[in-house]
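Trainee: Coordinates only, no sequence provided:
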DNA sequence: GCCATTAACGCAAAGAATTTGCCTTTGCGA
DNA sequence: TCGCAAAGGCAAATTCTTTGCGTTAATGGC
């Protein structure tokens, strides 16, 4: 794979217009009504182009979803590691358990390629790393990033995926627990 | 929904033969090659029957997957709460991270109906409850079931879903942590 | 036990999506 | 500039999905 995605390339243009078409269609109709011929029409390409590049609708949706799941900013600085983590976790839980959030996660996980799911996990991890680094610079005690992934991110995501939306109180509990459980310099 | 599934009913027969056909087809070919007409042919029904009952392939696969994810036995008794949990968690992680295991989870999560995912989570929870009850009968200290779900099951599942297969050592660490973290009578 | 009711299925035709072969265009490097 | 290789357009063939209508099987009242 050569990943011919230089800004001016034809591949890049096609990808951009197809992604844009998907985002617009998802915004204006139900996910189950979106089809590849529809996307192709809106994007100004032929369906066969999409089939050849993405294989099927599932993969295309996963591709678009993972892009939308990329954080668009650093976690806000709330003054301390715990406050940072609390603020971040609440926002994360809220975004991910919203209708569109759940659909994006589903799209990412439903794709055959595990690659997109990895990316998605990596984005989250990076956010935690930023918070952890900030805490370390302040000289605070902060748990290992892996511990936060296991004890905070994983439970939030598990509940969202398996039917039970976590509320703010529970998220705060999780934060408190992870902060007291594995702290170290 | 009336759930006309008495053993002798026609609905029950159709469901059984369709499920069986799906299981057999999944065993002998790739998931992406399985189609509804194929299943219908093998099950001895017409495709329209399947479309009307399940809606699409995704829902049917989810239906079959959740059935296969139902535990077929109680967690083994290894002598103590911690040993029970360790044995159970290792087996769970292994089954779920195997190729077929991952596919079943994906199928369940990819379906639009969250119902199947809930069931799946409930099955797991029940297994933990059994282990917890057994520990309590023995007079042992054992953590709350919710805590075990958050700190053991969720991390295992998160890693499986988002690309990183947990090995035995990590599973044991998780068990140790949850046993020491939240123990109570 | 028999008949009316209704939900589910089979069949087949119509409609929509997917695959594929072949040709053209585009971007890249010699 | 030219040739090469990768990607896209087009259209035909195939396959899947939807739907209307008639039939069958299970259920409940009598």
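Mentor: Happy to help now that I have it. Bear in mind that the values here come from a model prediction, so they are computed numbers and not experimental data.
Trainee: Quick check: phi and psi on residue A:168?
Mentor: Main-chain dihedrals, residue A:168, degrees, to the nearest 10: phi -60, psi -40.
Trainee: Hmm, residue A:89 and it touching each other?
Mentor: No. Here residue A:168 does not reach residue A:89: they are 9.4 Å apart, not a contact under Cβ atoms under 8 Å. Every C-beta, even on glycine, is put in place using the N, C-alpha and C of the backbone.
Trainee: list residues touching both of those two?
Mentor: Jointly contacting residue A:168 and residue A:89 under the rule Cβ atoms under 8 Å, 6 or more residues apart in numbering or on different chains is no residue at all.
Trainee: Neighbour count for those two, which is higher?
Mentor: Looking at residue A:168 and residue A:89 with other Cβ atoms under 10 Å in any protein chain shown, you find the greater number of neighbours at residue A:89, namely 24 against 12.
Trainee: For residue A:82, give me its contacts.
Mentor: Residue A:82 touches A:175, A:176, A:179, counting by Cβ under 8 Å, 6+ apart.
Trainee: Could you tell me which of those residues are located in helices?
Mentor: Residues of the contacts of residue A:82 located in helices (DSSP state H): A:175, A:176, A:179.
Trainee: Number of residues surrounding the second one?
Mentor: Burial measure for residue A:176: 13 neighbouring residues, criterion other Cβ under 10 Å.
Trainee: what's the spacing between the nearest residue in space to it that is not next to it in sequence and DNA strand C?
Mentor: Nearest non-adjacent residue to residue A:176, counting by Cβ to Cβ, 6 or more residues apart in numbering or on different chains: residue A:82, 7.9 Å away. Going from residue A:82 to DNA strand C by Cβ to the nearest atom of the strand, to the nearest Å gives 48 Å.
Trainee: Secondary structure element holding residue A:82?
Mentor: Assigned by DSSP states H and E, residue A:82 belongs to helix A:81-97.
Trainee: again with residue A:170
Mentor: Here residue A:170 sits within helix A:168-181, counting by DSSP H and E.
Trainee: how about the nearest residue to residue A:177 once chain neighbours are set aside, what does it touch?
Mentor: Leaving aside its sequence neighbours, residue A:177 sits nearest to residue A:151 (Cβ to Cβ, 6+ apart; 6.5 Å). By Cβ under 8 Å, 6+ apart, the residues touching residue A:151 are A:174, A:177, A:178, A:181, A:182, B:150, B:151, B:155.
Trainee: where exactly do the helices run in chain A?
Mentor: A:10-28, A:36-43, A:47-54, A:57-68, A:81-97, A:99-110, A:115-137, A:145-148, A:154-161, A:168-181.
Trainee: residues from chain A in reach of DNA strand D?
Mentor: Residues of chain A lying near DNA strand D by Cβ under 7 Å from any atom of the strand: A:2, A:4, A:10-11, A:14-15, A:44-49, A:52-53.
Trainee: now do 10 Å
Mentor: Contact residues (Cβ under 10 Å from any atom of the strand) of chain A with DNA strand D: A:1-5, A:9-15, A:17-18, A:32-33, A:35, A:40, A:43-54.
Trainee: would you turn the ones in helices among the contacts of residue A:82 into TSV with distance to residue B:120?
Mentor: Listed next are these as TSV, based on distance: Cβ to Cβ, whole Å:
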residue	distance to residue B:120
A:175	27
A:176	29
A:179	31
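Trainee: Just the buried ones from the residues of chain A next to DNA strand D?
Mentor: Buried members of those, counted by 16 or more other Cβ atoms under 10 Å in any protein chain shown: A:14, A:15, A:17, A:18, A:40, A:43, A:45, A:50, A:54.
Trainee: Flag every residue of chain A that's near chain B.
Mentor: A:32, A:106, A:109-110, A:112, A:114-115, A:117-118, A:120-121, A:149-151, A:153-155, A:157-159, A:161-164, A:174, A:177, A:181 (Cβ under 8 Å from any Cβ of the partner chain).
Trainee: tell me the domain ranges of chain A?
Mentor: The record assigns chain A these domain ranges, following automatic domain parsing: A:10-55, A:68-181.
Trainee: For those domains, state which one has the densest average packing.
Mentor: domain A:68-181 (a mean of 18; mean count of other Cβ atoms under 10 Å in any protein chain shown).
Trainee: tell me how far the ends of it are from each other?
Mentor: 33 Å (Cα to Cα, to the nearest Å).
Trainee: Now that domain: average pLDDT?
Mentor: Averaged over domain A:68-181, pLDDT sits at 95.
Trainee: Look up how far DNA strand C lies from the closest residue to residue A:85 other than its chain neighbours.
Mentor: Leaving aside its sequence neighbours, residue A:85 sits nearest to residue A:175 (Cβ to Cβ, 6+ apart; 5.3 Å). Here the criterion is Cβ to the nearest atom of the strand. By it, residue A:175 lies 42 Å from DNA strand C.
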